[in-house]
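[1] Starting from these lines, generate the structure:
(one chain, ligands or ions: 1)
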Amino acid sequence: MSIPEKLERTRALDRPAGAARDAVQGVLTHRGVKDALHGVWLGHALHPSLAQFTLGSFLSASLLDLVGGQRRASSTLIAAGLAGTLPTVASGWADYSDAHEEQQRVGVVHAALNAAAVACYGGALVARARGGGGRALSAAGGALSGFSAYLGGHLAFRQALGPNQAEAVPHTGPGDWQPLGAAADVPDGRPVRRLAGDTPVVVVRSGGEVSVLADRCPHASAPMHDAELGEEGGCAVLTCPWHGSVFRVDDGSVVHGPATAPLPRFEHRTVDGVLQARVVTFPGVPAS
Ligand code: FES
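    Here you go, the predicted structure:
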């Protein structure tokens, strides 16, 4: 079993992980700020992009120090990494606050290693300001950052914290029309689950308008037929039952995170009283 897999199963981490989650949720109460940190405006998770910059700067500095490169260049890279630390950390904690238990166990260790790495790099700059070399601290920061990045990769690619969980739907959903039952049976104001071929969908009738969307939240796969139907900005919206992501009913676009990818939508029509649907591969481009 790998180290990240062991961390996933380490219940002793639940106390610090839970305390960190509660603290973040207590601080990140402004929805607009939280949406921005998740990357709703970007259309995908913000943290990995920022981490590339911060980690890349830090590790490049450590490499320069290791091979005896220019101290000034190394210090500039460390300063760039430190400048990127605050937004990187903030976006990471925002994602962490909506993560599940096993992800949070790994995430809290990832965060602790990053904090130690930042302290090392900051210490290296202080040492240099006092006339020292700071190379040992730079090397220690590199080792800590490298291992932390390994855990970050595990969080993203093994534990799927951040990816679009509904990405497969436009590719595996039915491209030909599938019956969803009698159109008259779709209740007004209450999302219902149907099958379009083998693909679960949620059917919503709101104000007389019918919409068909994937029954899988892009954030962490919650069943969207359990979502709450409401209204925001004059549009009908669905609020995910697990972490509160909000999607427009008419096109599936994200109104609020933590989801950053839209809810896949389906075209629909009614033939002889039967509601039919087929998946939309790209918005505005009907499936063939
Ligand atoms: S599963 Fe997390 S917001 Fe939907």
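
[2] show me what contacts the residue of the stretch 1-150 of the chain found nearest the ligand?
    With CB to the nearest ligand atom, the shortest gap between the stretch 1-150 of the chain and the ligand falls at residue 98, namely 6.0 Å. For glycine as for every other residue, the C-beta is placed from the backbone atoms N, C-alpha and C. Contacts for residue 98 (CB atoms under 8 Å, 6 or more residues apart in numbering) come out as 219-220, 243, 258.

[3] Can you turn the buried part of those into a PyMOL selection?
    Buried residues among the contacts of residue 98 (16 or more other CB atoms under 10 Å), as a PyMOL selection:
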select buried, resi 219+220+243+258
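
[4] Near the ligand, list only the ones from the contacts of residue 98.
    Subset of these in contact with the ligand: 219-220, 243, 258, counting by CB under 6 Å from any ligand atom.

[5] So which residues on this protein come close to the ligand?
    217, 219-220, 222, 240, 242-245, 258-259.

[6] quick one on the thing from earlier: which of the ones next to the ligand among the contacts of residue 98 fall in helices?
    Using DSSP state H, no member of those falls in helices.

[7] May I ask which two of the residues you listed are separated the most?
    The distance between the two most remote of those (CB to CB) is 8.2 Å, for 220 and 258.

[8] Between these two, which contacts overlap?
    98, 243.

[9] is it possible to export the residues of the chain next to the ligand to TSV including distance to residue 131?
    What follows is the residues of the chain next to the ligand, written out as TSV (distance: CB to CB, whole Å):
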residue	distance to residue 131
217	55
219	50
220	51
222	56
240	55
242	54
243	50
244	53
245	52
258	47
259	51
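
[10] Tell me the secondary structure at residue 277.
    Of the three states, residue 277 takes strand under DSSP: H, G, I helix; E, B strand; the rest coil.

[11] hang on, it packs against residue 176?
    No: taking CB atoms under 8 Å as the definition, residue 277 is not a contact partner of residue 176, at 10.3 Å.

[12] So for the two, which residue has more residues nearby?
    residue 277 (27 against 11; other CB atoms under 10 Å).

[13] where's the more buried one relative to the ligand, distance?
    21 Å (CB to the nearest ligand atom, to the nearest Å).

[14] tell me the contacts of that residue?
    Per CB under 8 Å, 6+ apart, neighbours of residue 277: 174, 177-178, 180, 194, 196, 201, 212, 266-268.

[15] Just the ones in helices from those, please.
    Short answer: the contacts of residue 277 have none in helices (DSSP H).

[16] got a winner among the residues you listed for most neighbours?
    That'd be residue 201 among those, by other CB under 10 Å, with 30 neighbours.

[17] check contacts around that residue.
    So residue 201 contacts 180, 193-195, 212-215, 266, 277 (CB under 8 Å, 6+ apart).

[18] Domain map for this protein?
    What automatic domain parsing lists as the domains of the chain is 3-158, 169-286.

[19] Give me the next element, helix or strand, following the host helix or strand of residue 120.
    Element membership for residue 120, per DSSP states H and E: helix 101-129. Using DSSP H and E, the next helix or strand after helix 101-129 towards the C-terminus is helix 135-153.

[20] ok, and what's touching that following helix?
    The contact list for helix 135-153 (CB under 8 Å, 6+ apart) reads 4, 7, 48, 51, 55, 58-59, 61-63, 65-66, 74, 78, 106, 109-110, 113-114, 116-118, 120-121, 123-124, 127.

[21] Would you mind giving me the ChimeraX syntax to select the buried ones in those?
    Here is the ChimeraX command that picks out the buried ones among these, judged by 16+ other CB under 10 Å:
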select :4,7,48,51,55,58,59,61,62,65,74,78,106,109,110,113,114,117,118,120,121,123,124,127
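
[22] For residue 20, grab the count of nearby residues.
    19.

[23] who's in contact with the one helix or strand it maps to?
    Using DSSP H and E, residue 20 sits in helix 14-27. When contacts are defined by CB under 8 Å, 6+ apart, helix 14-27 is touched by residues 93-94, 96-97, 101, 104-105, 107-108, 111.

[24] and the nearest residue to residue 156 once chain neighbours are set aside, what are its phi and psi?
    Closest residue to residue 156 apart from its sequence neighbours, by CB to CB, 6 or more residues apart in numbering: residue 162 at 5.3 Å. Dihedral pair for residue 162: phi 120, psi -40, per degrees, to the nearest 10.
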